[in-house]
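> next input, structure requested:
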Amino acid sequence: MDRLSRYLQGQFFAQALTIFAAGGALIWLMQLLRLFDLVSAKGQNFLTLMGQSALTTPTFARSILYVCFAIGLVRGLRALQSSRELHTIHAAQRTQALWRAIIVFSLVGAALVTLVANWIEPNARRVSADWSAEIAADIVGRALAPGRFTEIERGLVFSISGRQRDGTLENFFFDDTTTETRRTYFAETASVFQDEDGYQLILNDGAIQYEDPGRQGLSQVRFAQYHISLASLLDATEAARGRDQADTIALLMAIADGSEGAAALRMVHERLADTLRALAMCALAAALCAYPDGGRGRRRVPVELVILLVAFAEQAISAFSGGGARHYIASSVILAFALALLWLRSRWAFFLPRRRRAVS
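The predicted structure is shown next:
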């Protein structure tokens, strides 16, 4: 790769990473505010708050990463246009270096988007869920005060009469009104421990009372020992989120062995569609800005705004398309349009000098 291509790539990456850093920092700060109850209500420290917000940031950053690359390419090309460097590149017939830089930039951007969507985001979700389960265990194990009813989450009320030296909870009471069927748990003793499925609340020598809205009365089931997942109780994880925490390779392997079905395949299509979005938006940015424009003093719609509007429209169409392979339709149309526009502009740039020479 020649020096000009490296210089152009440096310009493009500097613009894209600057925009993404600003957007990512804003998302992280928003997550800090959203998760502030970890400090104020759940008794966690500020480092936990920062870590949890950092782990939830990839989920939101994924939706803007490919747009940042496209806008970075636009801003880089517009900077070359303003400094007349783009005119010089075309006049000196060094367009091969320009196209090489754009192609490498687009491929690297698509690869980073693929990495985030298919590996970084699901693993960040999994680590965040595991950490949330630890927070849940800490809340139940530390926040309960003997002789007092404590509402850990809305609709979840705990109470104990005492705590032994080894941490065992005595005369455990738990009332769950978050579901349609109200459940109340009683146990002589309870304890918290961790296994391969996360943190578990172990109830010994107790009973469960069910209050069914469709029936007038209570049903009771006695038990010698009963296990409750703390993560499910405190909404740290849900059954539907387990698939979101698996990377694409794991999902494909699960689909191949038959343990996952159509829902997992739809999720794979949704993730892979981000790669096509990145390529399509970068191609559109190149089609709009890769050729010099001699027009001055005219008011125009900012190309960055055009990219944002197109990205928003593509996301809306994909969201209402029905999922699955239909996620590729809108981005494929954008990519085809961008490539057609590039071809037309290249033909016009090729024939225009000949027309000028013929007239002169």
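
> low pLDDT regions in the protein?
Where the chain drops to pLDDT under 70, the residues are 1, 37-45, 133, 135-145, 152-154, 194-199, 212-217, 230-242, 294-299, 349-360.

> spatially nearest residue to residue 116 (excluding sequence neighbours)?
Once flanking residues are discounted, residue 116 sits nearest to residue 62: 5.2 Å by Cβ to Cβ, 6 or more residues apart in numbering. For the C-beta atoms, the positions are set from N, CA and C on the backbone; glycine is no exception.

> from residue 110, how far off is the one you found?
Distance, residue 62 to residue 110, using Cβ to Cβ, to the nearest Å: 13 Å.

> between those two, who's got more neighbours?
More neighbours surround residue 110 than the other of residue 62 and residue 110, with 21 against 18 (other Cβ atoms under 10 Å).

> so how far is residue 326 from the residue nearest to residue 116?
Residue 62 is 19 Å from residue 326, by Cβ to Cβ.

> how about residue 211?
Residue 211 sits 44 Å away from residue 326, going by Cβ to Cβ.

> check residue 67 too.
To residue 326, residue 67 is 21 Å away according to Cβ to Cβ.

> of these two, which one has the most company?
Neighbour totals were compared for residue 67 and residue 326, and residue 67 leads with 23 against 15 (other Cβ under 10 Å).

> and whichever strand or helix holds the more buried one, what does it pack against?
Secondary structure from DSSP states H and E places residue 67 in helix 46-82. For helix 46-82, the packing partners by 3 or more Cβ pairs under 8 Å, 6 or more residues apart in numbering; DSSP states H and E come out as helix 3-34, helix 37-40, helix 85-91, helix 95-115, helix 121-138, helix 262-289, helix 303-319.

> distance between it and the chain's centre?
Chain-centre distance of helix 46-82: 11 Å, with Cα atoms, centre = their mean, to the nearest Å.

> same check on stretch 201-214?
Mean-position distance between stretch 201-214 and its chain equals 37 Å (Cα atoms, centre = their mean).

> and the contacts of that stretch?
140, 172, 180-193, 218-230, 233 (Cβ atoms under 8 Å, 6 or more residues apart in numbering).

> ditto for stretch 15-29
53-54, 57, 60-61, 64-65, 68-69, 71-73, 75-76, 79, 105, 109.

> try it again at 6 Å.
With contacts defined as Cβ atoms under 6 Å, 6 or more residues apart in numbering, stretch 15-29 is touched by 53, 57, 60, 61, 64, 68, 69, 71, 72, 75, 76.

> among the helices and strands packed on helix 46-82, which is nearest residue 47?
helix 37-40 (10.0 Å; Cβ to Cβ).

> picking up where we left off before, check the gap between the residue nearest to residue 116 and residue 24 for me.
Distance, residue 62 to residue 24, by Cβ to Cβ: 11 Å.
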